[in-house]
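**Q** For reference, the sequence and a predicted model appear below.
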Number of protein chains: 4
Amino acid sequence: MRASAPLAAPSVTPPEFQPLAPAFAERVRASFARQTFMTLLGATLERVEPGKVDISVPYRADLTQQHGYLHAAVTTAIADSACGYAAMTLTSAGADVLSVEFKTNLLRPAAGERFRAEGRVLKPGRTLTVARGDVFAETEGRSTLIATMLATMIVQTGAI
Amino acid sequence: MRASAPLAAPSVTPPEFQPLAPAFAERVRASFARQTFMTLLGATLERVEPGKVDISVPYRADLTQQHGYLHAAVTTAIADSACGYAAMTLTSAGADVLSVEFKTNLLRPAAGERFRAEGRVLKPGRTLTVARGDVFAETEGRSTLIATMLATMIVQTGAI
Amino acid sequence: MRASAPLAAPSVTPPEFQPLAPAFAERVRASFARQTFMTLLGATLERVEPGKVDISVPYRADLTQQHGYLHAAVTTAIADSACGYAAMTLTSAGADVLSVEFKTNLLRPAAGERFRAEGRVLKPGRTLTVARGDVFAETEGRSTLIATMLATMIVQTGAI
Amino acid sequence: MRASAPLAAPSVTPPEFQPLAPAFAERVRASFARQTFMTLLGATLERVEPGKVDISVPYRADLTQQHGYLHAAVTTAIADSACGYAAMTLTSAGADVLSVEFKTNLLRPAAGERFRAEGRVLKPGRTLTVARGDVFAETEGRSTLIATMLATMIVQTGAI
């Protein structure tokens, strides 16, 4: 399912990364399960690969802003978590990831049946990892880019 | 209730603005009531003055990230809405406000009994308004700056 | 010339756009020639296509920060101008483009013989256009992503 | 010299900080002197206090964009350096400061005789420091806020 031109998103081919720790997907899934806010939103973890994490949330009437579109904060929530977990796939086994900052551009009204955030690591680092998050609205098999995020994550080893 | 030095937030003295439309507070409250996502979060609209809107949310266990702190997206949600409604206090009667983009810096762990976002207009405009949002965690009467947002809003007149 | 894995930049395939005005490249080149700051930097306009503009600047010892790397503001300068002119390629004939805001992440030390900013429109609009700018350092035929920008531009028709 | 209402900037009262190293001002001045790009711009270091650094640049015809206003990248250059050096005033003696990322909102046309960036630390840290940079245009004794920056800096101890 791809977006249609000329409103298509860039089809990003991100760099290929090697995970430092073999059980990265289990760690991501365990951490995601502890994010109670993701449960409240009805968000689910989809793709978990080195440097790449997708998170989806179906439309729900209690997730909207004043016009009935998905609230920008929900768009941001799944983009932020997708970026953070994309960063976590590349850390060592004991490390955790926290958001330092992020910027979101809201490109189109968030109208759709389902929303998918694609978090992709642009530059991993021992201390800081930079990731991009693109959020797509999906309706009747069509996918439209509605928002894009640029985020900085900090990798913390040892107790938080 | 002010934050304690040296972790204090800047005590911002924002510019004084004159509202264009007398019923600005009613319009803001009516629009806020339509944001179902604010209801889901348990957020409430506090101060509504020309160029200044505060929104609060009490801590709740289903609003957290993996360590039990308030999820960055909840922090962002109240900051974004506070900035947007601060912008709306200065628009003409028929206008609406939508977020173009925002950037959030997460400064400290979002631990507290209650969280308050203060949206303040830096520069109003016919088309674009720029606002700052500071988010404070409140615990036992102390207030600590935990995040700051810089946001761009678009003012739309006529049908959305 | 492409960056090598795993430090590669995403190879973005941006959407294809149709220019509104046939002489877009002449307008971009004329406006660029009036940016005296680009002349001061020694920057040159390379690619000018619908939605895509590249700007290059060779390394010079008077463009550096305290460690001898290219100053972040020079990186930002060529990225901002590349994003703005990428937006201008898609406007109507009389329109001008101004930067509303931009965010730059500095990913690696800006060391190289030459630096190239690639501005790409993500979402064109009648009022606002959002663009991404990737900046690459080029050394001995290798290209490394050193910074990425996410920018919002306003399209102004009529006199500025 | 203050800006006039209602276009005034917030008059920020930043937190008071204690420097970790006594010779902070000398270190800042020595590092600034090595930024050849500041020399090229004609920028000068003004205030250097704990958590606060101001940098000024006079208008010059070769620092402009296509309409003769100061180029956004020059505005960004002095804001970025002011934020970075504000962070450096609070580090230990051997530490250096590099920009991780910054976001600039351009609020008004950069017209004036002189431009002054005020960098103020919002949250210092051992690894990351967050600062705000406000840029004012000064003309005939009046000062107008033209841009605001929110920036993240990394503190590096040991060799770069």
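**A** Alright, I've got the coordinates. This one's a predicted model, so the numbers in the text were calculated from it and none came from an experiment.
**Q** how about the residues of chain A near chain B?
**A** A:31-32, A:34-37, A:39-40, A:61-67, A:71-74, A:76-77, A:80-81, A:96, A:98-106, A:160 (Cβ under 8 Å from any Cβ of the partner chain). Placement of C-beta: from N, CA and C, glycine included.
**Q** Just the ones in helices from these, please.
**A** A:31-32, A:34, A:36-37, A:39-40, A:72-74, A:76-77, A:80-81 (DSSP state H).
**Q** Buried ones only from the residues you listed, please, as a PyMOL command.
**A** In PyMOL, a selection of the buried entries from these looks like this (16 or more other Cβ atoms under 10 Å in any protein chain shown):
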select buried, chain A and resi 31+32+36+37+40+72+73+74+76+77+80+81
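**Q** neighbouring contacts of stretch A:31-43?
**A** With contacts defined as Cβ atoms under 8 Å, 6 or more residues apart in numbering or on different chains, stretch A:31-43 is touched by A:45, A:55-58, A:60, A:63, A:74, A:77-78, A:81, A:85, A:88, A:96, B:40, B:61-67, B:71, B:73-74.
**Q** any idea of the mean pLDDT for that stretch?
**A** Mean per-residue pLDDT for stretch A:31-43: 96.
**Q** Residue nearest the middle of chain A, spatially speaking?
**A** residue A:82 (2.1 Å; Cα atoms, centre = their mean).
**Q** doesn't residue A:56 make contact with that residue?
**A** No: under the criterion of Cβ atoms under 8 Å, residue A:82 makes no contact with residue A:56, lying 9.5 Å away.
**Q** how about the residues of chain A near chain D?
**A** A:100-101, A:103, A:127-128, A:130, A:152, A:154.
**Q** contacting residues for residue A:115?
**A** Counting by Cβ under 8 Å, 6+ apart, residue A:115 makes contact with A:56-59, A:70, A:74-75, A:78, A:135-138, A:146.
**Q** pLDDT wise, what is it at?
**A** 98.
**Q** A strand includes it, no?
**A** Yes: assignment of residue A:115 by DSSP: H, G, I helix; E, B strand; the rest coil places it within a strand.
**Q** Distance check, it against chain C.
**A** 17 Å (Cβ to the nearest Cβ, to the nearest Å).
**Q** and what of residue A:36?
**A** Taken as Cβ to the nearest Cβ, the span from residue A:36 to chain C is 29 Å.
**Q** From chain D, how far out is that residue?
**A** In terms of Cβ to the nearest Cβ, residue A:36 sits 26 Å off from chain D.
**Q** what residues are up against the closest residue to residue A:119 other than its chain neighbours?
**A** Spatially, and ignoring its direct neighbours in sequence, residue A:119 is nearest to residue A:82 (3.0 Å; Cβ to Cβ, 6 or more residues apart in numbering or on different chains). Applying Cβ under 8 Å, 6+ apart, we find residue A:82 in contact with A:53-55, A:117-119, A:133.
**Q** now residue A:156
**A** So residue A:156 contacts A:95-98 (Cβ under 8 Å, 6+ apart).
**Q** What about these, which one has the most neighbours?
**A** For the contacts of residue A:156, the largest number of neighbours (other Cβ atoms under 10 Å in any protein chain shown) sits with residue A:97, at 23 neighbours.
**Q** doesn't residue A:127 make contact with that one?
**A** No: with contact defined as Cβ under 8 Å, residue A:97 does not count as touching residue A:127 (11.2 Å).
**Q** intersection of neighbour lists for the two?
**A** Between them, residue A:97 and residue A:127 share the contacting residues A:154-155, judged by Cβ under 8 Å, 6+ apart.
**Q** List the buried residues in the helix or strand encompassing residue A:118.
**A** Using DSSP states H and E, residue A:118 sits in strand A:114-123. Across strand A:114-123, burial judged by 16+ other Cβ under 10 Å covers A:115-123.
**Q** out of those, who's nearest chain C?
**A** residue A:123 (4.3 Å; Cβ to the nearest Cβ).
**Q** mind listing what the closest one touches?
**A** Residue A:123 makes contact with A:129-130, C:105, C:107-108, C:145, according to Cβ under 8 Å, 6+ apart.
**Q** and the gap between it and residue C:148?
**A** 9 Å (Cβ to Cβ, to the nearest Å).
**Q** Ok, residue A:126 next?
**A** 20 Å.
**Q** the more surrounded of the two?
**A** residue C:148 (24 against 10).
**Q** so what strands line up beside the longest strand along chain A?
**A** Among the elements of type strand in chain A, defined by DSSP state E, the one spanning the most residues is strand A:142-156. If you go by DSSP bridges, strand A:142-156 pairs up with strand A:96-106 (antiparallel), strand A:128-139 (antiparallel).
**Q** can you pull the buried residues of that strand?
**A** In strand A:142-156, counting by 16+ other Cβ under 10 Å, buried: A:143-155.
**Q** repeat for stretch A:96-113
**A** Neighbour-count burial for stretch A:96-113 flags A:96-107, A:109-110, A:112 (criterion: 16+ other Cβ under 10 Å).
**Q** Low-confidence ranges, chain A, go.
**A** Residues of chain A meeting the criterion pLDDT under 70: A:1-15, A:158-160.
**Q** List buried residues within the contacts of residue A:115.
**A** By neighbour count, with 16+ other Cβ under 10 Å, the contacts of residue A:115 hold A:56-57, A:59, A:70, A:74-75, A:78, A:135-138, A:146 as buried.
**Q** among these, which two are most distant?
**A** Farthest apart among the buried ones among the contacts of residue A:115 by Cβ to Cβ are A:74 and A:138. That separation is 14.6 Å.
**Q** before we move on, back to that, looking at the residues of chain A next to chain D, which is nearest residue B:25?
**A** Using Cβ to Cβ, the residues of chain A next to chain D come closest to residue B:25 at residue A:103, 30.1 Å.
**Q** Okay, and the beta partners of the nearest residue to the closest one once chain neighbours are set aside?
**A** Spatially, and ignoring its direct neighbours in sequence, residue A:103 is nearest to residue B:103 (3.8 Å; Cβ to Cβ, 6+ apart). Applying DSSP bridges to residue B:103 gives these bridge partners: residue A:103, residue B:150.
**Q** Name all residues that make contact with residue B:103.
**A** A:101-104, B:149-151, C:103, D:103, D:150.
**Q** Likewise for residue A:91?
**A** Contact analysis of residue A:91 by Cβ under 8 Å, 6+ apart lists A:20-21, A:24, A:97, A:155.
**Q** again with residue A:17
**A** A:50-51, A:89-90, A:121, A:124, C:6.
**Q** Next: residue A:97.
**A** With the criterion set at Cβ under 8 Å, 6+ apart, residue A:97 makes contact with A:84-85, A:87-88, A:91, A:129, A:153-156.
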